[in-house]
Every structure is written in C-alpha cells, then in structure tokens.
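Undergrad: what shape does this take:
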Amino acid sequence: MPQLHRASSLGYIGLRNPKTVLEWPLGGIRFMQVLLTNDDGIFAPGLAAIYKELTKFGKVIVVAPAESWSGSSHSVSFHRPVTCNKVNVNGLFTGFSVQGSPADCVKLARMQLHDGPIDLVVAGINSGANVGINVFYSGTVAAAMEAAFLKIPSVAMSVAIEEKMNFEKAAGYCTEVLGRLLPLAAGDVININIPLLSAGEPKGIKVVPQSTSGLHEYYIAHTNGESETMFQLAGGAYRDDESPVDTTSLEEGYITVTALVPDMTDHNKMQRLQSRLAGVRLHE
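TA: Purely as a prediction, here's the structure:
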C-alpha cells in the first residue's frame with residue numbers, strides 16, 4: 001500500500017511505495033462507526049474496494065442506492081416512500097439497498113437504520129472524478145453534504161474514469177489520505193479525487209480549491225421524424241484555469257483534496273446588500 005511522506009515546500013505531499021504496513025496516525029479514533037454509501041449502486045466495485053479498506057477504521061455500515069444515481073446531485077425523495085432491503089454483496093458484507101438517492105441513503109441511515117452515533121460518512125469510490133462544477137452535479141458529493149447537514153464529518157472519494165479501473169489501488173490511496181486527515185470536525189466535507197492510475201503512481205497530493213470555470217459543452221440535435229427535436233449533451237472537457245485548482249491538478253497526475261462547505265451564502269457580499277436595503281420601505 002502506498003504511504004505518504006513529508007509535505008514539500010511546493011504545498012503538496014509526496015507518495016512512496018515501501019513494502020511496509022501503513023501505520024495509521026489515528027491514535028484512539030481507529031475504531032469508529034463508519035457509514036459507507038455511493039451513487040454508483042450498492043453492487044459497484046468501487047464501493048466494495050473501499051469497504052475492505054475502511055474496516056481498518058472500525059465498523060462499516062453500508063447503506064447505498066439499489067442502482068446508479070450518477071449525476072443526481074442532491075435529490076431527495078419527498079413525494080414517494082423509499083423501499084429498503086438487506087442484501088449480501090458477493091459474500092463481502094451485508095448492507096441496506098435503498099430505492100432512493102445517495103442523500104436519501106444518508107438520511108435514512110442516520111434517522112432509521114442505525115442506532116447510535118455515526119462518526120464518519122464516506123461516499124464512494126465513485127467511477128469518475130468529481131472535480132470542478134461536476135461537484136454540483138455529483139450524487140457522491142451530495143451524500144457527503146447531507147452528512148454535513150446532519151453534523152457528521154464526511155469524505156467524498158472518486159477516481160478518474162478510464163477503460164480499466166483499478167479500484168483496489170484507488171482505495172489504498174483514498175484511505176491513506178483519510179488516515180492523515182482524521183480527526184475531522186462535525187460538518188466537515190472533504191472531497192478526494194485520485195488521478196488516472198494507468199499513467200503511473202500519483203505525483204503526490206495537492207490541497208486545491210474547486211474550479212468553477214465550467215466545461216466545454218455543446219448539444220447535438222436529432223430529429224425523430226415526428227416534428228420533435230432531441231438534444232444530446234456532448235463534450236465535457238474542463239476549461240483552462242490560471243491558478244492551481246482541482247481540475248488542473250488532477251490532470252497533472254496529483255491526488256486532489258478540497259474542503260467543501262454546505263453553506264452557499266456569499267458572506268462577503270452580505271454587508272453590502274444590507275447597506276443597500278437598510279430602511280427600504282416597500283410600496284403597497
């Protein structure tokens with residue numbers, strides 16, 4: 001399993017690969033109650049890979065969607081009941097399969113399926129990176145955000161998609177980074193992304209902000225012969241950024257770590273808005 005070594009002057013942590021067992025810097029928090037979920041579905045290989053690694057931290061409770069909810073963002077099932085069944089996943093674990101979104105899974109686990117506190121929520125490992133504005137679309141990140149709403153620390157884990165995925169190796173990197181991050185405070189949300197592993201070992205770890213430059217996208221129009229036009233979204237490459245951000249750092253081969261917040265308030269502008277609107281009387 002890869003190990004971290006000291007932080008460099010460039011602001012990132014390097015990686016090395018000795019054949020020694022990783023010594024987790026966890027102290028007394030090694031054995032925790034960990035809730036594991038994802039947006040690829042309970043039978044996804046990324047979830048199984050990270051489950052095996054997370055058992056080093058303590059008891060792992062799995063509550064995950066019955067099927068893929070990729071790109072579902074923070075949808076929650078308000079208008080219909082949510083079906084939940086216990087399933088055995090390839091003899092590795094028994095978990096709860098939920099006919100609902102990743103956010104549903106976290107809410108249901110905390111309020112109904114698990115007695116006692118949950119010390120950490122882990123969402124992933126997602127098949128495909130969740131960086132840039134894809135953070136807003138991601139069901140994986142949404143599950144972590146739902147944990148923050150419930151005052152539980154959380155980590156979203158993803159790996160860049162390629163034809164042959166190595167989730168076991170990605171899980172090793174993810175849990176090593178997690179071990180260095182713990183303990184987390186209630187409501188913390190950390191987004192971890194692993195670069196293309198077919199390109200070789202990651203160059204290190206960079207703590208970088210989320211890019212909001214957007215994507216190069218376009219629509220392809222199709223007609224179905226019945227006077228209807230259908231539009232298929234295409235493209236998807238990230239726009240360039242001048243400063244180091246999660247998208248560019250991941251493409252350069254670094255593991256990216258980004259701290260996210262569930263508060264969408266622009267606090268810097270609040271005082272300006274208050275001064276503009278102070279004393280304003282609405283016309284009846």
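
Undergrad: quick check: what element follows the helix or strand harbouring Leu178 along the chain?
TA: Assessed by DSSP states H and E, Leu178 sits inside helix 167-181. Once the chain leaves helix 167-181, the next helix or strand it forms, by DSSP H and E, is strand 189-194.

Undergrad: packing partners for the helix or strand that comes right after that following strand?
TA: Using DSSP H and E, the next helix or strand after strand 189-194 towards the C-terminus is strand 205-207. With contacts defined as 3 or more C-beta pairs under 8 Å, 6 or more residues apart in numbering; DSSP states H and E, the packing partners of strand 205-207 are strand 12-16, strand 255-260. In this view, the C-beta of every residue, glycine as well, is placed from N, C-alpha and C.

Undergrad: quick one: the strands in the stretch 101-250 of the chain?
TA: 120-127, 154-159, 189-194, 205-207, 215-223, 229-238 (DSSP state E, counting those that start in this stretch).

Undergrad: for the record, mean pLDDT for the shortest one?
TA: So that's strand 205-207. When pLDDT is averaged along strand 205-207, the result is 95.

Undergrad: what lines up beside it in the sheet?
TA: strand 12-16 (antiparallel), strand 255-260 (parallel) (DSSP bridges).

Undergrad: hey, least reliable of those strands by pLDDT?
TA: strand 12-16 (a mean of 46).

Undergrad: what sits up against whichever helix or strand comes after that strand?
TA: For strand 12-16, the following helix or strand on the C-terminal side (DSSP H and E) is strand 32-37. With contact meaning C-beta atoms under 8 Å, 6 or more residues apart in numbering, strand 32-37 is reached by 47, 50-51, 54, 57-65, 95, 102, 105-106, 109-110, 114, 116-123, 143, 147, 152.

Undergrad: what is the mean pLDDT for strand 32-37?
TA: Mean predicted lDDT for strand 32-37 stands at 95.

Undergrad: what's the answer for stretch 171-190, then?
TA: Mean pLDDT, stretch 171-190: 94.

Undergrad: for it, which positions count as buried?
TA: Residues of stretch 171-190 classed as buried by neighbour count (16 or more other C-beta atoms under 10 Å): 171-179, 181-182, 184, 187-190.

Undergrad: same question, stretch 159-166
TA: For stretch 159-166, the neighbour count (16+ other C-beta under 10 Å) marks Val159, Ala160, Met165, Asn166 as buried.

Undergrad: let me know whether the second one touches Leu196 as I believe.
TA: Read it as Ala160. Yes. Using C-beta atoms under 8 Å, Ala160 is in contact with Leu196, at 4.7 Å.

Undergrad: circling back: using CSV, list the CA coordinates for the helix holding Leu178.
TA: Coordinates of each C-alpha in helix 167-181 appear next as CSV, following Å, rounded to 0.1, in the frame of the first residue of the first chain:
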residue,chain,number,x,y,z
PHE,A,167,-10.5,0.4,-7.6
GLU,A,168,-8.3,-1.6,-5.2
LYS,A,169,-5.3,0.7,-5.8
ALA,A,170,-7.5,3.8,-5.6
ALA,A,171,-9.0,2.6,-2.3
GLY,A,172,-5.4,2.3,-0.9
TYR,A,173,-4.7,5.9,-1.7
CYS,A,174,-8.0,7.2,-0.5
THR,A,175,-7.8,5.5,2.9
GLU,A,176,-4.2,6.6,3.3
VAL,A,177,-5.2,10.2,2.7
LEU,A,178,-8.2,9.8,5.0
GLY,A,179,-5.9,8.5,7.8
ARG,A,180,-3.9,11.7,7.5
LEU,A,181,-7.0,13.9,7.6
